[in-house]
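Engineer: 3D model of this:
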Amino acid sequence: MVGPLKRMKPIHVKTVAGAMIKIAQLEIKQTIFESDEIVN
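Structural biologist: Below is the predicted model of the structure:
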């Protein structure tokens, strides 16, 4: 994708679940994560 939609791409559910677990364990206060922050 290009333009402003470049950062809006699908992420596999297992990747999201793994990120949620890591975020909970690290007690990160950020509440909104974009796809490039989760995948990279």
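Engineer: mind listing what's buried along stretch 30-40?
Structural biologist: Going by neighbour count (16 or more other C-beta atoms under 10 Å), nothing in stretch 30-40 comes out as buried. Backbone N, C-alpha and C define where each C-beta goes, glycine included.
Engineer: for it, which outside residues touch it?
Structural biologist: For stretch 30-40, contacts defined as C-beta atoms under 8 Å, 6 or more residues apart in numbering pick out Arg7, Met8, Lys9, Pro10, Ile11, Thr15, Val16, Ala19, Ile23.
Engineer: show me where this structure has helices.
Structural biologist: Listed in chain order, the helices of the chain (DSSP state H) span 13-26, 35-39.
Engineer: what packs against the longest one?
Structural biologist: I take that to be helix 13-26. Packing contacts for helix 13-26, counted by 3 or more C-beta pairs under 8 Å, 6 or more residues apart in numbering; DSSP states H and E, involve helix 35-39.
Engineer: need the CA coordinates for the helix it packs on. CSV is fine.
Structural biologist: C-alpha atoms of helix 35-39 as CSV (Å, rounded to 0.1, in the frame of the first residue of the first chain):
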residue,chain,number,x,y,z
SER,A,35,0.7,-2.4,12.5
ASP,A,36,4.3,-1.5,11.8
GLU,A,37,4.9,-1.2,15.6
ILE,A,38,3.6,-4.7,16.1
VAL,A,39,5.2,-6.5,13.2
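Engineer: just use 809 as the starting number from now, easier for me
Structural biologist: Fine by me, first position is 809 from now on; the one you just mentioned is helix 843-847.
Engineer: so how far is it from its chain's centroid?
Structural biologist: Its chain's C-alpha centre and that of helix 843-847 lie 4 Å apart, by C-alpha atoms, centre = their mean, to the nearest Å.
Engineer: now do stretch 828-843
Structural biologist: Centroid separation between stretch 828-843 and its chain, computed with C-alpha atoms, centre = their mean, is 8 Å.
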